[in-house]
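# 3D, please:
(2 chains, ligands or ions: 2)
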Amino acid sequence: MEITLKEITKIFQAKDKSETVAVNKLDITIPSGKLIGLLGPSGCGKSTTLYMIAGLLTPNEGRIYFGDEDVTDMAPEDRGIGLVFQNYALYPHMTVRQNIMFPLENIKVPKQEALQRAQEMADLVGIGELMNRKPKQLSGGQQQRVAIARALVKKPRVLLLDEPLSNLDARLRLATREEIKRIQRETGITTIFVTHDQEEAMSISDEIVLMDLGVKQQVGEPQDVYDDPYNLFVAKFLGTPPINMIPGEIKNNQVFVKGAKIGGKVAKNQDVVVGIRPEGFNIDPKGSLELEVYMVETIGRDTTLIIKNFEDEEKSYRVIVDARHRIQPGDKVKFNIDEDKFYVFNQETGERL
Amino acid sequence: MLEKQSNLKALFYLAPAMVLLSVFTFYPLFNAFFLAFLKDYEFLLRSARGFTILGNFKNVITDPDFGIAMKNTSIITFISVPISVIVALLISVALNSVKKLQGAFQTIFFLPYVTNAIAIGMAFAFIFHADYGLLNTILGWFGINPINWVGLNASWSNAMFALLVYTVWGGLAFKIMVFLSGLQSIDKQYYDAARVDATPRRRVLTRITIPLLSPMIFYITVTSFIGAFKAYRTIIGMFGETLRPPGTLSKDSLITIVGLVYDALAHADATGKMSEAAAASIILFSITMIFTLIQMQISKRRVHF
Ligand SMILES: Nc1ncnc2c1ncn2[C@@H]1O[C@H](COP(=O)(O)OP(=O)(O)OP(=O)(O)O)[C@@H](O)[C@H]1O
Ligand SMILES: [Mg+2]
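Ligands and ions are numbered 1, 2, ... in the order given. From the prediction side, this is the model:
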């Protein structure tokens, strides 16, 4: 089922009457049967957006549609959603089986059928053998799967997940995100997945929605957003290691960085910020941009060169090169820059030129 | 080495409490046990004629007042405790769900806790006054004739009813406070999850709130039972030292086991009375302990920690 948010705004009012605009005129369409990653830094309004879709929060302005149906004023229990909370919210006094069956008991599914559906769901998420355990006796990953099973067992129209992997260690996180992808594929349920981890969002989402300060920044397939960021924020937020932001200028439709011409851009002469992806540097003896290598990080597959940034010591530049190049700290290396791996941004607004 | 040092330190810090406990708790406790087994103990002379195993207990149990005290104590305990726990629970849940004036309501319900029990007892005696009492006035609105609750020659059952109302009310404040703090520590997400899953209010209470509050409920129930077994102040507060409505016979007394202990102590100068008081308190102690152990057994299966 397609979900449409129309100009959704949510304002929180504190006791002292100060206001926080958590979500600001958000317009998104979430295609039916897809897995959407809602991505952004901490505090940007992801959870707020998710809870408005769930009905636990009411927007101050705007409408929410499930298909053609306006659900803005509908109670959460009538919306047919499954919600997985950031810390799972499994009932600690109930067994796994009781937890999964709980939503079914509420809608008066006969006991026998409820037991069967709970078992099927548990098997789907791979916890079929743990039905008699209490949540405390489970690992984080297992708890998370119980939470997903509980959300899915009543066959919701939409599945909402709020940073479900944030409590897991790195290895478990990789495994469970594949699991979520598999479950989503098998059930075909429209799913919204909230995370602040760009890698996580990119790897499992059919589309990502990138937010900052309650405002939508860009929507699209992960690769498209990565390759074609609309602004500085989007370019910075996606990619590990992050993109290098270097002051530069445009002169006669040419882009210059540190005095070296790296490519062309049709625009009026001005100072700009140039973003170059770490993988966009090619070692080339005839290259125009010469950089002194400060440190070398080897991980085997490829090599990261760290270039000292003299304007801002904190933010050194990172360049990924093929591991075959044996480069030592202190070497001066010449590069040319891939045409599609650098972006030019307006210095003031951060908009892409 | 380090461990030894820290043990010494711990002992040092605990010493003041240990000394006080020894003087005012352990010694009297031990002494009571000792007294209960002395034969014909003379309190004034501090002398006894040897030991007796069951003599003092027999004296207590065969005293006609003992049966009355047991009956009264049981009724007070087994009626007031369940009622006050349930009422306190319902009030706490209601209080926890109101948004406005929550602080004001909490203060109102907490006031009895900081008010003297004897004073409240007197106030209650007045509420139950046959002629001017608030209760009879209200009953009058519904065409019910005045009832003699606690006045001259009031019946035992009327007096007991008034006492129970007072006992329940007096115990509410502390229970509500404990339950409220328990309720406020329950993660709100459980309720959000329940809402998303279309859980009816009553099921939220019985399947989520009460189980999650069960450690508090257990704690309150056990301590309330212990407190109710020791009921005495409430009766003094309401009926004065006679422990019964004026003009009634001693068979209609509202005396409790602790009342019996104090009664015996009041006559401590008579031969063996001190030992009887000790024996009665040991009986009460045993009943309380057995009952608490039973509750702890039950809690192993019922309480979610
Ligand atoms: N109940 C509330 N009252 C007041 N302000 C709130 C409330 N809930 C959230 N906010 C504010 O709204 C903004 C968005 O919060 P939200 O929880 O949606 O962020 P988030 O993107 O989910 O962050 P995170 O990744 O840390 O979970 C934050 O500035 C937050 O402080
Ligand atoms: Mg959040």
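# and whichever residue of the stretch 151-300 of chain B sits closest to ligand 1, what's its pLDDT?
At 10.2 Å from ligand 1, B:K188 is the closest residue in the stretch 151-300 of chain B, using CB to the nearest ligand atom. Just so you know, the C-beta spots here come from the backbone N, C-alpha and C atoms, and that holds for glycine as well. Looking at B:K188, its pLDDT stands at 90.
# next, count neighbours for it.
Other residues lying near B:K188 total 10 when counted by other CB atoms under 10 Å in any protein chain shown.
# how about the residues of the stretch 201-305 of chain B by chain A?
When proximity is defined as CB under 8 Å from any CB of the partner chain, the stretch 201-305 of chain B approaches chain A at B:R203, B:R207, B:I208, B:P211, B:L212, B:S214, B:H304.
# roughly how far apart are the first one and B:K99?
With distances defined as CB to CB, to the nearest Å, the gap from B:R203 to B:K99 amounts to 22 Å.
# distance of A:F335 from A:K17?
The spacing between A:F335 and A:K17, counted by CB to CB, is 55 Å.
# whoops, B:A69 was the one
Between B:A69 and A:K17 the distance is 61 Å, computed by CB to CB.
# more crowded one of those two?
With neighbours defined as other CB under 10 Å, B:A69 and A:K17 compare such that B:A69 has more, 25 against 6.
# that one contacts B:D263, correct?
No. Here B:A69 does not reach B:D263: they are 9.0 Å apart, not a contact under CB atoms under 8 Å.
# give the intersection of the neighbour lists for the two.
B:I255 (CB atoms under 8 Å, 6 or more residues apart in numbering or on different chains).
# so B:G140 is in which element?
In this structure, B:G140 sits in helix B:134-141 according to DSSP states H and E.
# what is that helix packed up against?
Here helix B:134-141 is seen to pack against helix B:117-127 when contacts are counted using 3 or more CB pairs under 8 Å, 6 or more residues apart in numbering or on different chains; DSSP states H and E.
# looking at the helix it packs on now, give me its mean pLDDT.
For helix B:117-127, mean pLDDT is 82.
# swap in stretch A:132-148?
Averaged across stretch A:132-148, the pLDDT comes to 90.
# before we move on, what about stretch A:275-283?
Across stretch A:275-283, pLDDT averages out at 91.
# hang on, the earlier thing: moving C-terminal from the helix holding B:G140, which element do we reach first?
Under the assignment DSSP H and E, the closest C-terminal helix or strand after helix B:134-141 is helix B:156-184.
# show me how far that next one is from its chain's centre.
Helix B:156-184 has its average C-alpha position 10 Å from the chain's average C-alpha position, going by CA atoms, centre = their mean, to the nearest Å.
# give me the contact list for the helix or strand following it.
Sequence-wise, the next helix or strand downstream of helix B:156-184 (DSSP H and E) is helix B:188-196. Among residues not part of helix B:188-196, those counted as contacts by CB under 8 Å, 6+ apart are A:54-56, A:75-77, A:81-83, A:85, A:87, A:89, A:91, B:203-204, B:208, B:212.
# in helices only, show me the residues you listed.
Counting by DSSP state H, the part of the contacts of helix B:188-196 found in helices is A:A54, B:R203, B:L212.
# now those as CSV including neighbour count?
Below are the ones in helices among the contacts of helix B:188-196 laid out as CSV (neighbours: other CB atoms under 10 Å in any protein chain shown):
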residue, neighbour count
A:A54, 20
B:R203, 16
B:L212, 19
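# what helices and strands are in contact with the longest helix belonging to chain B?
Residue-count comparison of every helix in chain B, with assignments taken from DSSP H, identifies helix B:64-97 as the longest. Using 3+ CB pairs under 8 Å, 6+ apart as the contact criterion, the neighbours of helix B:64-97 among helices and strands are helix B:102-110, helix B:156-184, helix B:210-229, helix B:257-266.
# show me what the shortest one is packed against.
This points to helix B:102-110. For helix B:102-110, the packing partners by 3+ CB pairs under 8 Å, 6+ apart come out as helix B:64-97, helix B:156-184.
# returning to that earlier point: mind putting the residues of the stretch 201-305 of chain B next to chain A into JSON lines with pLDDT?
Supplementary listing: those in JSON lines, determined by pLDDT from 0 to 100:
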{"residue": "B:R203", "pLDDT": "92"}
{"residue": "B:R207", "pLDDT": "92"}
{"residue": "B:I208", "pLDDT": "93"}
{"residue": "B:P211", "pLDDT": "92"}
{"residue": "B:L212", "pLDDT": "92"}
{"residue": "B:S214", "pLDDT": "91"}
{"residue": "B:H304", "pLDDT": "70"}
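# and which of those is nearest B:V60?
Within these, the smallest distance to B:V60 is 37.2 Å, found for B:S214 (CB to CB).
# so B:A17 versus A:P59, what's the distance?
In this structure, B:A17 lies at 58 Å from A:P59, with CB to CB as the measure.
# so which of the two has more stuff around it?
When B:A17 is set against A:P59 and neighbours are counted by other CB under 10 Å, the residue ahead is A:P59, at 21 against 9.
# excluding sequence neighbours, find me the nearest residue to residue 227.
Picking chain A for this. Once flanking residues are discounted, A:D227 sits nearest to A:D340: 7.0 Å by CB to CB, 6 or more residues apart in numbering or on different chains.
# chain B is the one I meant
Counting by CB to CB, 6+ apart, the nearest residue to B:G227 once its immediate chain neighbours are dropped is B:G171, at 7.3 Å.
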